[in-house]
Structures are given as C-alpha cells and as structure tokens.
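*Asks:* quick one, fold the following:
(one chain, ligands or ions: 3)
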Amino acid sequence: MNKNTGNTPASGLNIVVTAKPAAPVKADLLVLPLGTRELKKDGGAALKGLDLDEGALNDFKGTAGELAILYRSAVGKGAARIALVGFGEGRSSDDFRKAAEALARKAVDLHCSVVAIDCSGIGAWAKHAKRTPEYLAGVIVEGVVYGAYRFDRLKSGKLDKEKKRDAGKPKAIGELVLAGCGDHAGSVEKGSNAGLVIGTCQNTARDLVNLPGNHLSAEGLAVAAREAGKRGCFEVTVFDRKRITELGMGGLLAVNKGSEEPPTFTVMDYQPKGKPKKTVALVGKGVTFDSGGISIKPAAGMDEMKSDMAGAACVIGVVEAIAKLALPIRVIGLVPATDNMPGGSAQKPGDVITTMSSITVEIGNTDAEGRLILADALTYAKREYDPDVVIDLATLTGACIVALGMKVAGMFSNDEELAEDIYSAGQASGEKVWRLPLWDEYAEQIKSDVADVSNTGSKGAGTITAAKFLENFVEGHKHWAHIDIAGPAYAAKGAGSGSGGTGFGVRLLVDLLKSWS
Ligand code: BES
Ligand code: MN
Ligand code: ZN
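*Replies:* Residues are numbered from 1 along each chain as shown. Ligands and ions are numbered 1, 2, ... in the order given. Below you'll find the predicted structure:
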C-alpha cells in the first residue's frame, strides 16, 4: 500500500502560556494585536513602549487580518521583529481568527521559529466579543495552527532556487508564547489546548483533501482513519470489499465498479468514559477522485475532484478532535470510500442497482455517485447504531455552489431544533451554513419509471433533489441533517497558501457537539 499515504502526525507546536509581559520574550517575532478601537485609544503608547516609531500608525488601520512588520535594534531587548496585527472591531471571534491566521502565515514565510503574542488585552477583548478569555485563546491558537499550515509534502525541492538561501531556516513555528496573560493565564492555557487540538485536526482534514487521487485511495483513507484512531485512542474498523458485499452495500459497490482500486467502509467509534449524553453518527462522503464515471466530467477543473472526499476528511478530523477533547458524547464516524472511474466494468446510465436498504435506484447519471455511497452509509448508521442524531457531510452537488457560493454550506434537516443548533454552530465557528427546504414537491423530480427512485432529478434545485434522495435512506429517523460542502471544502488555485482543502466542517461540528456537552 505504498501510495496509500496516511496523514501527518499531530502538530509539533509547543505552546507556552505566561502571565508575564511579552516585551522581554526572546522571540523571532513579537506580535502586537491591535483592533481599530485599541489603535485609536492607545496604539501610540503601545508602539512607544516597544521603542517603535508611531509613524507606523499612519499606514496601519487595524482591520482584521491586516499586518505590518516593523524592525528595531534588539540590543538589550526582546525581539527585533515586531508584527502589528489587526483584529478589526473585535466584535466576533472571527476577527481574532483572521488575525491569528494572517500572523501565522507571515511567521512561516519569515521562517520564525518562536512567535510571541502580547495577550495582555485578552480580558478586554473577550468582554467586547462577548466570549470568555478561554474561548478566545482557543480561537487564536486554532487560527495560528491553521494559518501555519503548508501542504508541501509532495515537493522535492529539487527545482527550488531559493533553497540555498533558506537552507537550515525553520519551516514551521516551533513555539508559540502567549504572553502577558496575567490573571487569565489559567483559562488561556485551557483554551489554547483545545485550540491546538481543533487546529491540528482541521489540518489533518486539509492534508487528506489536498492529497491527489494517486496518493490517496479508498484504502488510504481507511489508513488515515486508523492513524487518527491511534492518536485519539478510539476504535477503528475497516470493511473490505468482501465484507461490503456481505452487507449488501450495493450503492458503494456500484460506484466502485469502474475502478481498479477496492472500496472501503470505515467505522470510527469514540466512546467517552461514563454514560454518553448522546450518540451521534457522522457520515462523510469519501470519493477519492470523481471523474464522473461513464457520464464523464469535462476536463476543465476535473483535477479539483481529488477533493471529493472532503466530507470523509472532515468526519475523521472531527472524531479525533472530539476524542482528544474527551467530550461526553459517543461519536460514530462512517466513511464509505471509493473513486468514481469510467473503467470497462463501470456502471452505466440506465442501470438499476439495489442498495443496502433494498431500495432500488435507477442510475440517471453516473456522476451523481456521492448519494449512492451515502445511501448505504445512512442505512448502516441507522440499523447498526440507532443513533440519537445522524449528520452527513458531502461535496455533493455543483448546484450548491450555484446557490450559496464558495464560502457557505447548504444544510437540510428534518428536525427544527437540530437545524437551529447547526445554524448557530455555523455562526459561532465562522463555518456558515444556510438551510434549504426538504419539501415533497422536490421528490417528484427524482421519480423513476423503472426503479424506486432515480439518482438524478429533472431540471432545477439540484442540491435539494440530492437531499431528497438521501432522505429516503434515513428510514424515518427523526433527527437527521445533511450538509452539502461542495463550495467551502476546497479553495481554488491562486488563493496562495490558503488554497486547497479548507477542513470546512471540523470547526462547525466540534462547536455543535460542544454545545451538546
Ligand atoms: N462531486 C460532485 C459535486 C461537486 C461539484 C463538488 C463541484 C464540488 C465541486 C458530485 O459527485 C457531482 O458530480 N454532482 C453532480 C450531480 C448531477 C450529475 C446530478 C453535479 O453537481 O453536477
Ligand atoms: Mn460526481
Ligand atoms: Zn462527487
């Protein structure tokens, strides 16, 4: 399984929290966070205190994520390099996340190993953002970990002209010092531990999304889940083709027919110590590459379909995060995985398949494959675990991008309260979702003349007809939600170090599950 590379080990970032002031810390970069309010009030004094020229404030406005790097002679002082980083009005935690991401991105660019952030304002920031210092510290650390992420494991460096110049310089932030925490040091410490876990698990998900089809197969995804299980100490079971066949997972097998690689079905099971408050099943679409199959996709942008397992990556990241945070909820992660290829034995448009639920499906389009593998996983979740809540995540429809764009996910639920909770978690985490309807009018569109249902709808509302399709396989479960992450899971090329897999959904679901803890 040489090409089934798993994921990277947990972040090597060391976090130091101190009550003592930041100024004397010997760092490669000393970060001074300044919001628009703070800037007006005491920006000048803050700069003076560091022997810096106030002139910088003519240019620096303090908008969220804005950066200015200033230098001073460090003789007898702490750091020679100072970063002013803006957090805007500081009214939402997103402002701080943006600031943290920006500063970390810069710190990695500048090869800074030790980064110190002046957190002396954290009490005031928290009050203004209506959050606790603990929560805000979590957001900041998570933002730093997220911003410091690079996907460079497939670069040999052989053609890198700057290699000599940068040889021996640090490639990652080794130590993050949260200084000046004063009385808040205890809560900052707690928050930063959680932030490190969540940021690292988001990056695990991003790694998996960024790995191309020839480096991550269905078996590779299963290996990644196993590795997560080792790190998070939860149980992982992988079904191979034989077991998948015994279980009658006809949807997963149908999609896999055109492939040279076997399918996998992975079950992750995190059980908290003591009686769980809830059992939640999370299902993630794991299509490691979606060519469309016989209904083949156009060439332009097809490479991005290596990201069609982002739902699976998210589920793996969430289960690890929940386990490491030791939340009192049992979480079952289910990942049906295969690629969708047009090989000679591939399924054909017009075929009728039988899913695990016994529901028969007419294949209107082999490119509507995600719903077929999710169907079996939903059936398995309900039958095997009868969970309190079932949530599936999938890069399911291009139509969702048409409806909601690249930043926001589509959300469906048959449960008002669950929909509310997911919406709120989206607002809190910055991973926003917008609810779309599951009205029966849309079921008309996926009727089939020859089978129980068709996997494609007639014209219009492609995101909703996909959700209506899935609803058939929930088998009357009263607390189900489907999240279509086709837009926000992947940022197209050109977004610099922010391009590629985003890890969307990890923060959202961790926030959701925390709200139930
Ligand atoms: N994986 C795609 C959806 C997708 C498209 C995700 C663009 C991310 C970016 C999915 O399998 C697909 O191909 N859906 C089809 C469904 C159609 C054939 C009914 C689509 O959206 O066009
Ligand atoms: Mn497809
Ligand atoms: Zn797909």
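
*Asks:* looking at this protein, which helix or strand is least sure?
*Replies:* Ranking every helix and strand in the chain by mean pLDDT, DSSP states H and E puts helix 163-166 at the bottom, with a mean of 77.

*Asks:* which residues does that one contact?
*Replies:* Helix 163-166 is contacted by residues 111, 157 when judged by C-beta atoms under 8 Å, 6 or more residues apart in numbering. Any C-beta I mention is one placed from the backbone N, CA and C, and that applies to glycine too.

*Asks:* for Ala116, what are phi and psi?
*Replies:* Backbone dihedrals for Ala116, given as degrees, to the nearest 10, come out at phi -120, psi 130.

*Asks:* give the bridge partners for Phe239, please.
*Replies:* Phe239 forms beta bridges with Phe265, as assigned by DSSP bridges.

*Asks:* verify the stated contact: it with Phe265.
*Replies:* Yes - look at Phe239 against Phe265 with C-beta atoms under 8 Å: they come within range, at 4.1 Å.

*Asks:* tell me the first helix or strand C-terminal of the least confident helix or strand of the chain.
*Replies:* Per DSSP states H and E, helix 163-166 leads on to strand 175-179 as the next helix or strand towards the C-terminus.

*Asks:* need the CA coordinates for that next one. PDB is fine.
*Replies:* Extracted C-alpha coordinates of strand 175-179, given in PDB (Å, rounded to 0.1, in the frame of the first residue of the first chain):
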ATOM      1  CA  GLU A 175       7.000  27.600  19.800                       C
ATOM      2  CA  LEU A 176       4.100  29.900  20.400                       C
ATOM      3  CA  VAL A 177       4.300  32.100  23.500                       C
ATOM      4  CA  LEU A 178       1.000  33.600  24.700                       C
ATOM      5  CA  ALA A 179       2.400  36.300  27.000                       C
END
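
*Asks:* how about the helix or strand just after it: buried residues?
*Replies:* Read in the C-terminal direction, the helix or strand following strand 175-179 is helix 185-210, with elements assigned using DSSP H and E. Buried positions in helix 185-210, judged by neighbour count with 16 or more other C-beta atoms under 10 Å: 185, 187-210.

*Asks:* where does the residue in the chain positioned nearest to ligand 2 land on pLDDT?
*Replies:* Across the chain, the shortest distance to ligand 2 (C-beta to the ion) belongs to Asp367, at 3.8 Å. Residue-level confidence at Asp367 comes out at 99, pLDDT.

*Asks:* show me what contacts it?
*Replies:* By C-beta under 8 Å, 6+ apart, the contact set of Asp367 is 290, 292-293, 295-297, 340.

*Asks:* next: Asp183.
*Replies:* For Asp183, the residues meeting the contact criterion (C-beta under 8 Å, 6+ apart) are 19, 123.

*Asks:* mind starting the numbering at 294 from now?
*Replies:* Fine by me, first position is 294 from now on; the one you just mentioned is Asp476.

*Asks:* let me see the backbone angles for Tyr364.
*Replies:* Its backbone dihedrals place Tyr364 at phi -130, psi 150, with angles given as degrees, to the nearest 10.

*Asks:* enumerate the beta-bridge partners assigned to it.
*Replies:* With DSSP bridges applied, the residues forming beta bridges to Tyr364 are Arg374.

*Asks:* please tell me how far Leu345 sits from Val490.
*Replies:* 35 Å (C-beta to C-beta, to the nearest Å).

*Asks:* same check on Val310?
*Replies:* Noted for Val310: a distance of 15 Å to Val490, by C-beta to C-beta.

*Asks:* go on, Asn765?
*Replies:* Applying C-beta to C-beta, one obtains 36 Å for the distance of Asn765 from Val490.

*Asks:* do Gly355 as well
*Replies:* Look at Gly355 and Val490: by C-beta to C-beta, they are 30 Å apart.
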